[in-house]
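Peer 1: heads up, no residue letters with this:
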C-alpha cells in the first residue's frame, strides 16, 4: 500500500521544524555501550552484517549470561580454516561471512589494487583474467584464519597462495575461454576461482608452457606465471606487476630508473608509512651536489630516495614480459613480471650515476628508515628474500597490522611515524598518544604471538571499543 | 499518487530533509571528503583573523592549490600537510634560487611573482566552517565509523523484510534495498574485487571502493530515500512492529517505543526525552486524523534516517 507524498512531506517537515525529534547523535563522552550494543558493534565489523537481536547469542548477551567479548571471539573464530586451509563447512553462512569480510578488508588496505595497462590491450585483458588481483591480500587473510600460517609467514613465505572459491576452476572468464590463450596446451593452466571465498591453496611457482603463431612464425617456451620472487606477499609477481607500474621496456639503471614505486607501495602496505622516513642528517652522506641525478643534489629529495631507491635495489632485475600482443593465434597471452638472472659483478653502495647493465647485477640493497620509535634501521640486504626476513624482524610490520585493525575496529587512524623528527612533528594530543600507545603495545605483542586473531581480541577488549562515542569524540591523526 | 523521489515535489522534499536533518553529517562530510580537507583546523567560533579564512571554492585559492600540486607537492607533500605551510612568496623565491635541488628545475625558475604569491596564499590558508545555530559542536577531526553497504542492507532486511511470509510488497522492499543500498558501493563502501563476483547483483566491481565510507552526501541521500520508500509500504511498517513484539494497535507509549528502539538500534539507548518525542509523533498523527499505521510510520521515519541507524 502506497501513501501520499504530501501527507509525509507536511507531517515530517512539521515534526522536524518544531524540533520535537532530536538528531540522535549523543556526544556525551564517557558513557559505555550496553553489552548488546558492544556485541552488535563487533559483530558488524566481523561480518559486515547486523546481528539478529533475536538470535540466541544476542539474547544471551543481552540477559548477561554471555560476555559480549567472548561472543565476538566466538564469531571471529568461526572463520578459522582447517588443515587444508579451507572452511570446514563452506555452507555455514556466518563463518563464510567472517572469512569474506576480512578478505575484503585486507584487500582494501593495499596501495595499488589493480593492474596498470603496460602495453597493448590484448595482453592487458589477458592479465586481468589470469591473475586474481587480490592474491597479495590472501597472505594476510590466511595468517588470520589458518593456525598453521602465522603473520611472520605472510611477511616471509616464498610460496604463492591462490584462493579456493565457490566457482572452482571456471571454464570461461569474462567472455574468454582457455582455448583463447597461448597456454591452452599447458595441463596446469586454469583461471582463478571466482565467487565466495572458501579458503586457500599453496602453490609452488608455476611455469606454464605457451605456444602461439603469427602470420610468419611460431613461438613457444615457458612463462613463470605464478611466482614469488623472494619472500612475503610483496615479492609476489602479481604484487610487483601491480606496483612497479612502469613501461614495458623498463630496465633498472641504479639511478634514475628503478622499481621504486614497488618500494614505495611496500612501505605503505607493510609498514603503514609514507616517505620521507629518515631525518635530514641521516642522508647527508648520500648527497652528491655534482650528480647528474637531480634528486641526489640536496637533502630534501634524497631523504625520500635514500629509503625507496635502496630498497628497490633488491628488485633491480624486474622487467615486464609480454606475450601475444596482437595478431597471434591464439589471441591472448598476457603481461608478466619477471626477474633477470644475475650475470654481472656486484655494484657497491648507492651510485649517484647510472650503471650499465645494472639490472643484471646482484640485488644488494638496504633497509633504511626510522622506525615507529625514531630509531634508525640501517641494514644491508642481499635479495628480496633477505629483505623480507629483515622486515619481519622489525616491530613495525606488526605495529602496522595492529594500526590497521585498530582503525577498523575503533575508528581511529593512529600515526605511527617517527615521533622525534624535527621536520615532521607529530603534535599529538594526550588522546592521540593513548591511541598510539595502544597500537604499539598490541603490535609488539603480535610480534611475539604472531596471531592476528589475538590482536583483534586485544583491540575489542579495550575500553575505547565500548565507548558510546568511540568514533565521534576521539581524536584521530593520519599516518 | 504514488510517492516517488523522482518527482519534482519529492525532490524538493528530500532537499529540505537533507538541510534539516543531515547538516551535521554534511559538515562531517566536508571535513572528511578528500586529501585537501583532512588536517584543516575547524572551529565553530570564528575567532581566527578573517584574513586567514579562505573559501575552499575561491578561484584564487584553487589557482594556488593547482600551482602547488604541479610544482611543489612531489617533494613537499599534499597541501593540507605540506612541510612548507606558512611560507611567504619571498621565502619560496629565495629557496628556488638558493636550494640546489630546486634551482636545477626550470619549471620553478619560470614561476612568476604572481604565481608565487598564489602558492603562498594556498600555503597559508585556514578554513572555518561555521556550524548552524543549535547544531552540536562535534569534534570534526573525527571520522564516524558507518556501516558499509552490506551492513546497511542487512539492517533494512532485518527490520522491514518479512522472510516468514514473503509477499509482493516484500519483493518491492527487497528491490528498493538492492537498488538504493546494495549496489551503491561508492556511497556506502563495501569493497569488492574482480574475482569476488558475488558482491550484490548488478554491482560493477571496482578495487577503489573502500571497505566502509565516510559520511557523504550521496550516502545520506540514498539512506533517506530508502527509508522513505520502504516506509511508504504498509507491510514494512507492520513487519517492524511484529518483529518488535508490537502490533498496529499497540499503544504509543514510551515502553513500546523502547521496543522499537531495541530493534532499530540493537542495544543502544536513547534518552527519555527522545522516547517521549517519538511517542508524541505517533500521538500527533492520530490527533490529525491519520491512521494508526501512519502513526507508526511517521514515528519510525526519524529513527530510520537518524545517524544511529548506520553508526557501527
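Peer 2: The structure has been received and is ready for your questions. Model, not experiment: these values are computed from the prediction.
Peer 1: C-alpha from now on. contacts and neighbour counts both.
Peer 2: Fine.
Peer 1: residue B:311 and residue A:124: what is the separation?
Peer 2: 40 Å (Cα to Cα, to the nearest Å).
Peer 1: kindly report the same for residue A:171.
Peer 2: In terms of Cα to Cα, residue A:171 sits 20 Å off from residue A:124.
Peer 1: likewise residue A:214?
Peer 2: According to Cα to Cα, residue A:214 and residue A:124 sit 19 Å apart.
Peer 1: please see if whichever strand or helix holds residue B:301 touches chain A.
Peer 2: Applying DSSP states H and E as the criterion places residue B:301 in helix B:292-305. Yes: shown here: helix B:292-305 in contact with chain A (Cα under 8 Å from any Cα of the partner chain) through B:298, B:302.
Peer 1: contact partners of that helix?
Peer 2: A:8, A:11-12, A:21, B:223-224, B:227-228, B:231-232, B:234, B:237-238, B:248-249, B:261, B:264, B:278-279, B:281-286, B:309 (Cα atoms under 8 Å, 6 or more residues apart in numbering or on different chains).
Peer 1: got the phi and psi for residue A:200?
Peer 2: For residue A:200, the backbone dihedrals (degrees, to the nearest 10) come out as phi -140, psi 170.
Peer 1: what about it, neighbour count?
Peer 2: Close neighbours of residue A:200, defined as other Cα atoms under 10 Å in any protein chain shown, add up to 21.
Peer 1: now swap in residue A:94 and tell me
Peer 2: Residue A:94 - counted by other Cα under 10 Å - has 17 other residues nearby.
Peer 1: how about the one 4 residues further on?
Peer 2: Residue A:98 sits with 24 neighbouring residues when counted by other Cα under 10 Å.
Peer 1: go ahead and confirm it touches residue A:74.
Peer 2: No: in this structure, residue A:98 is not within contact of residue A:74 by Cα atoms under 8 Å, at 11.0 Å.
Peer 1: distance of residue A:465 relative to residue A:335?
Peer 2: Taking Cα to Cα as the measure, residue A:465 falls 45 Å from residue A:335.
Peer 1: let me redo that: residue A:363
Peer 2: 23 Å.
Peer 1: with residue A:85 instead?
Peer 2: 30 Å.
Peer 1: who's more crowded, the two?
Peer 2: residue A:335 (27 against 21).
Peer 1: show me the residues around that one that make contact.
Peer 2: A:118-119, A:123-124, A:126-127, A:320-323.
Peer 1: what of residue B:291?
Peer 2: Contacts of residue B:291 (Cα under 8 Å, 6+ apart): residue B:285.
Peer 1: which one of residue A:214 and residue A:124 has more residues nearby?
Peer 2: residue A:124 (21 against 14).
Peer 1: so what's the more buried one closest to, chain neighbours aside?
Peer 2: In this structure, residue A:124 finds its nearest non-sequential neighbour in residue A:117, 5.7 Å apart by Cα to Cα, 6 or more residues apart in numbering or on different chains.
Peer 1: how about residue A:401?
Peer 2: Residue A:401 sits nearest to residue A:443 (Cα to Cα, 6+ apart), 7.1 Å away.
Peer 1: so how many other residues sit close to the one you found?
Peer 2: Quick note: residue A:443 (other Cα under 10 Å) scores 24 neighbours.
Peer 1: was I right about it contacting residue A:400?
Peer 2: Yes: counting by Cα under 8 Å, residue A:443 touches residue A:400, with 7.2 Å between them.
Peer 1: related to what we said a few turns ago, in helices, which of the contacts of helix B:292-305 appear?
Peer 2: Per DSSP state H, helices hold the following members of the contacts of helix B:292-305: A:8, A:11-12, B:223-224, B:227-228, B:231, B:234, B:237-238, B:261, B:264, B:278-279, B:281-286.
Peer 1: are any of these buried, and if so which?
Peer 2: A:8, A:11-12, B:223-224, B:227-228, B:231, B:234, B:237-238, B:261, B:264, B:278-279, B:281-286 (16 or more other Cα atoms under 10 Å in any protein chain shown).
Peer 1: confirm residue A:196 sits in a helix?
Peer 2: No: secondary structure of residue A:196 (DSSP: H, G, I helix; E, B strand; the rest coil): strand, not part of a helix.
Peer 1: so what's it up against?
Peer 2: Taking Cα under 8 Å, 6+ apart, we find residue A:196 in contact with A:96, A:100, A:165-167, B:196-198.
Peer 1: how does it look with 6 Å?
Peer 2: Residues near residue A:196 by Cα atoms under 6 Å, 6 or more residues apart in numbering or on different chains: A:165-166.
Peer 1: what's the pLDDT at it?
Peer 2: Per-residue confidence (pLDDT) for residue A:196: 91.
Peer 1: any idea how far residue A:104 is from chain B?
Peer 2: 6 Å (Cα to the nearest Cα, to the nearest Å).
Peer 1: what's the strand or helix carrying that residue in contact with?
Peer 2: Using DSSP H and E, residue A:104 falls within helix A:93-108. By Cα under 6 Å, 6+ apart, the surrounding residues in contact with helix A:93-108 are A:46-47, A:78-79, A:137, A:141, B:191, B:211.
Peer 1: got the buried residues for it?
Peer 2: A:94-108.
Peer 1: ok so, going back, now the residue nearest to residue A:401, what are its backbone angles?
Peer 2: According to degrees, to the nearest 10, residue A:443 has phi -60, psi -40.
Peer 1: what's the neighbour count on residue A:341?
Peer 2: 12.
Peer 1: can you tell me the element it falls in?
Peer 2: Short version, using DSSP H and E: residue A:341 is in no helix or strand.
Peer 1: distance check, the residue lying closest to residue B:212 once chain neighbours are set aside against residue B:209.
Peer 2: Spatial nearest neighbour of residue B:212, chain neighbours left out: residue B:189 (4.0 Å); criterion: Cα to Cα, 6+ apart. With distances taken as Cα to Cα, residue B:189 is found 6 Å from residue B:209.
Peer 1: with neighbour numbers in mind, choose between these two.
Peer 2: Taking neighbours as other Cα under 10 Å, residue B:189 and residue B:209 compare with residue B:189 leading, 25 against 19.
Peer 1: which pLDDT does the model give that one?
Peer 2: On the pLDDT scale, residue B:189 gets 83.
Peer 1: what sits against it?
Peer 2: B:148-149, B:209-213.
Peer 1: okay, and the helix or strand of chain B with the least pLDDT?
Peer 2: helix B:23-32 (a mean of 37; mean pLDDT, DSSP states H and E).
Peer 1: ok, residue A:71 - how many residues close by?
Peer 2: 18.
Peer 1: what's the helix or strand for it?
Peer 2: helix A:68-77.
Peer 1: so for that helix, what gets flagged as buried?
Peer 2: A:68-69, A:71-73, A:75-77.
Peer 1: distance to residue A:450 and pLDDT added to these, as TSV?
Peer 2: TSV is the format used below for the buried residues of helix A:68-77 (distance: Cα to Cα, whole Å; pLDDT from 0 to 100):
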residue	distance to residue A:450	pLDDT
A:68	24	96
A:69	21	96
A:71	22	97
A:72	20	97
A:73	17	97
A:75	20	98
A:76	17	98
A:77	16	98
